[in-house]
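next comes the sequence, and after it the predicted model I'd like to discuss.
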Amino acid sequence: MTTTPATFHPFPRLPTELRLQIWESSIENQIQQPVITVRVAAKGWRLTRVPPPPGVLYTNRESRNATLKNPSLRSFRIGPDSSPAYIHFSPQTTILELEIATDDEHSKCHDADQCITWRRIEDVLRDALSATETLHLRRRKIVDGTELGGEAHRLAPYGGAATLPTSSRGV
């Protein structure tokens, strides 16, 4: 019985065009239909669910360059300049889930700095918000420090018409 070697040692000697085709093929196999969840609250934001980036981003310089040139995978910088994060996803297949956390104090939104508005969300998500084709909105209510279940809504693409139930309009 013969075993297949785990490493293909002559790979670097293949023609560049063939290696790039192999990298591109491996990119397509690694892109999933993930859900990326970003939690936005009046006092901050955080990524709560992010799929790992494709391994070909870290294999070598050639694979990384091929991956970053692939139009089906895009890299987005999110968050403020002081603490940015990077997410990698395919805008056509990835669901961007936005979890809005409010408590009784901030749900009435008396202080404009403490309100969660589309401008605040846009400041966190930056270009990822306008690039995504599916935005999933989840509202979480916090009462006395305990998080209660939330309502989920699927929205039209950013800039499109979407109707939210009355209970979520103040978010």
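Ah, there it is.

where do the helices sit along the protein?
Listed in chain order, the helices of the chain (DSSP state H) span 16-30, 61-69, 104-107, 118-125, 127-131.

of those, which shows the lowest average pLDDT?
Note on those: lowest mean pLDDT is at helix 104-107, with a mean of 49.

rewinding a little: can I get the helices of the chain in a markdown table with distance to residue 92 and mean neighbour count?
Yep, even glycine has a C-beta here, placed from its N, CA and C like the rest. Listed next are the helices of the chain as a markdown table, based on distance: least, Cβ to Cβ, whole Å; neighbours: other Cβ atoms under 10 Å:
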| stretch | distance to residue 92 | mean neighbour count |
| --- | --- | --- |
| helix 16-30 | 13 | 14 |
| helix 61-69 | 17 | 16 |
| helix 104-107 | 34 | 14 |
| helix 118-125 | 17 | 16 |
| helix 127-131 | 10 | 18 |
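
dump those helices to CSV, plus distance to residue 51.
Formatted as CSV, those follow (distance: least, Cβ to Cβ, whole Å):
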stretch, distance to residue 51
helix 16-30, 10
helix 61-69, 15
helix 104-107, 30
helix 118-125, 17
helix 127-131, 14
